[in-house]
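Participant: okay, predicted coordinates and the sequence, questions at the end:
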Amino acid sequence: MTVIGLDDTDSRTLGMCTTYVAARLADRLAEEGHVERTLLVRLNPAVEHKTRGNAALGIHCDVTPERALELGKAALQRAAIEDEQTNPGLVVADCPPEAVPESVGQFAADAVQQKHERDTARKLADDAGFAVAVEGNGRGVIGALAAVGAWTAFEEWTYECISYREPPRWGTEREVDAESLFAAADTGYPTVWDTVDREEDELVCVPRTPCPILHGIRGDDPDAVRDVADTIESELVDRQQVFLTNQGTDAHLQDGTVATVSDGGAYRLTAEVVAAPETRQGGHVFLTVGDPDVARLDVAAFEPTKRFRDHVRNLRVGDRITVCGEVSNGTLKLEKFAVRELVETELVTPDCPDCGNSMKSAGRNAGYRCRACSTSADGKVSRPLDRDLDVGWYEVPPCARRHIAKPLVRGGFDAPTHPEW
């Protein structure tokens, strides 16, 4: 077997994307041998120099490493010519995907949670005897090596069926029938997810960039994502590719604490709400979690998360929650949160048992007294709170979900879920 990894052939100006380069390369390889699978590997969404999804691509085939390198180089050179801002990288491994060195598998596992350097990737590839080709400054070698090691790095995989447009139509408005897409999404759900956002009336699977992609259908079954894609009425599809991917798995999240998080990583941590939610200019909602005597962390639900912000606004000081998201500039950007414990009562001034009026303070440490009835109480009393939240997980809607974040509908969470679909 031969394992091919490639990355950074995207073009922000011309619309090229690495998935298209990989799909085209896989088709070319299939003419000369058997292509076992193609991987779409999402890496750390917090790193600098990334496209929105930060994807690297892998191809597992039985074409000789020499021929794979030749064809891969041609694909990289074309991408570099099309946009000089790209810095493509290619790695070709002459071994089965499950036999890559442990160091390369660990590199891939770390690449979804940490930041790697080009020199590290080049040395690991050289030590393993892998062939490397780059264009530009070669930054793409990082993702390419991660794609080579991904098969041993990740245990959980999902699928995406990507349909591509005819090249003359790239950069023009997409023709996708919304009614048929919503119907297809309903048919495929919950096996197929994040296809549309019903509340926002948004076609989540249809990009808005000038890239070659017509739509990308994600789910837990390869036949299901292909069936949904084929049901959508649209302009002609030029080609189609089903990728095995770590999307929708939360592979980017690492366990942490308020005191140990740092910028550039994505975390899952449990803490107490210590400052109440506050809606700021632009509609962004901020709160603070932690321990006032140890450490505090600002948490934000930004305006694009839409209705998710209402759940955040319903939190109160004293609630215990688990928050998930990327930390940037000392603030965790919420992707989902779980309510662990809710404050169920509050202390209030007592009412007079005789007349029902609110009592008044009787003086320092003297409790409360009803001025009309002269009845008294020792102090404030506990009153049940009517909460608009339940224990369990809440998530941003599909229109705001990052590719790698795990939708609640996929299951496997440690508390009840309240999915957005």
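Facilitator: Here it is on my side, so go on.

Participant: per-domain residue ranges of this structure.
Facilitator: According to automatic domain parsing, the chain comprises the domains 2-153, 158-245, 253-344+386-418, 345-384.

Participant: buried deepest among these, which one?
Facilitator: Counting by mean count of other CB atoms under 10 Å, domain 2-153 has the highest mean neighbour count of the domains of the chain, with a mean of 21. The C-beta positions use only the backbone N, C-alpha and C, and glycine is treated the same way.

Participant: re the thing from before, turn the domains of the chain into TSV, including mean pLDDT.
Facilitator: What follows is the domains of the chain, written out as TSV (pLDDT from 0 to 100):
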stretch	mean pLDDT
domain 2-153	89
domain 158-245	96
domain 253-344+386-418	95
domain 345-384	87
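
Participant: show me the contacts for residue 158.
Facilitator: 218-220, 244-249, 410 (CB atoms under 8 Å, 6 or more residues apart in numbering).

Participant: let's see which of those residues end up in strands.
Facilitator: Counting by DSSP state E, the contacts of residue 158 place 218-219, 244-245 in strands.

Participant: endpoints of stretch 183-196, how far apart?
Facilitator: 10 Å (CA to CA, to the nearest Å).

Participant: and if you look at stretch 402-419?
Facilitator: Note: stretch 402-419 ends 15 Å apart using CA to CA.

Participant: list phi and psi for the closest residue to residue 306 other than its chain neighbours.
Facilitator: Leaving out its chain neighbours, the residue that sits closest to residue 306 by CB to CB, 6 or more residues apart in numbering is residue 397, at 5.5 Å. Main-chain dihedrals, residue 397, degrees, to the nearest 10: phi -70, psi 160.

Participant: any idea where the strands of the stretch 101-250 of the chain begin and end?
Facilitator: For the stretch 101-250 of the chain, applying DSSP state E, counting those that start in this stretch gives strands covering 131-134, 158-165, 192-193, 213-219, 237-245.

Participant: off-centre distance for the biggest strand by length in the chain?
Facilitator: When the chain is parsed with DSSP E, its longest strand is strand 266-279. Here strand 266-279 is found 19 Å from its chain centre; the criterion is CA atoms, centre = their mean, to the nearest Å.

Participant: now the two most distant members of the contacts of residue 158.
Facilitator: Greatest spatial distance among those (CB to CB): 244 and 410, at 15.6 Å.

Participant: verify the stated contact: residue 41 with residue 146.
Facilitator: Yes: using CB atoms under 8 Å, residue 41 is in contact with residue 146, at 6.2 Å.
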